[in-house]
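1. Predicted model follows, preceded by the sequence.
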Amino acid sequence: MELSVHGKQMDVGNSLREHVEGKLEDLNSKYFNHAAFATVTFSKEGHGKPQTKVHISIQIGKNLLVVADAMDSDPYASFEQAATKVGKQMRRYKKKIRDHHERVDTLPEEEIINANDYVLAAAPEQNDEPDGDVPQGDDPVVIAEMKKEIMTLSVSDAVMHLDLSGEQALLFRNAKHGGCSMVYRRKDGNIGWVDAESLK
């Protein structure tokens, strides 16, 4: 497993780096032993009594990320909390991830749709004066564009992807009927599912 450890507005010393490497190697060997790479970012947050935020992102095979965040005044404690979350997620989905890994590695190209993922500028407040530099009209202002792969998944696999990634929503092609579906996090803690089968 390739590992990248970064610090934002802080120095990550050798001792902390070695601790991170050892812990993540243990997690990888315990659950899968085939993670492609991991990124761990330490950053200082807040003023006065700053906290250390840790963001862990581990790619397990193709198109499957395990992501966790934690914050504490101590960098080691913050990392341990985030690593514990990663471990719980890996343990929870251990069998499904192994099955998914085997299936995705043999996915035919037609089961993946290439799409563009856009970031749109937030709409101005109603009482704001129009900015001369911002184009006016019906189309929103695009501030970033990325490539995205939309995979063919079962609903349960889509929920697993959503949980592991920490994202708020996931668009996928439903393996059952080939139409588009979306799973998303609801404010009540449950997962919502929008299914376009009836629109076919």
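-> Arrived safely, thanks for sending.

2. can I see the domain layout of this structure?
-> Here the domain assignment for the chain is 2-100, 110-199, based on automatic domain parsing.

3. Is it possible to get CSV of those that adds mean pLDDT and mean neighbour count?
-> (Each C-beta comes from the backbone N, C-alpha and C, glycine too.) CSV is the format used below for these (pLDDT from 0 to 100; neighbours: other CB atoms under 10 Å):
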stretch, mean pLDDT, mean neighbour count
domain 2-100, 88, 16
domain 110-199, 82, 13
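
4. tell me the pLDDT at Leu104?
-> Careful, residue 104 is Val and not Leu. Val104 carries a pLDDT value of 54.

5. what separates the residue most central in space within the chain from Ala122, distance-wise?
-> Among the residues of the chain, the one closest to the centroid is Ser165, at 3.1 Å (CA atoms, centre = their mean). Look at Ser165 and Ala122: by CB to CB, to the nearest Å, they are 23 Å apart.

6. before we move on, back to that, in contact with the residue nearest to the centre of the chain, which residues?
-> For Ser165, the contacting residues are Leu65, Val66, Val67, by CB atoms under 8 Å, 6 or more residues apart in numbering.

7. Among those, which one lies nearest to Val86?
-> Val66 (5.6 Å; CB to CB).

8. what residues does the top strand by length along the chain touch?
-> Residue-count comparison of every strand in the chain, with assignments taken from DSSP state E, identifies strand 142-153 as the longest. Applying CB under 8 Å, 6+ apart, the contact partners of strand 142-153 are 63, 104, 107, 111-121, 161, 171-175, 178, 180.

9. Now do the following helix or strand past it: distance to the chain's middle.
-> Note on strand 142-153: by DSSP states H and E, the next helix or strand toward the C-terminus is helix 155-165. The offset between the C-alpha centroid of helix 155-165 and the centroid of the whole chain comes to 10 Å, using CA atoms, centre = their mean, to the nearest Å.
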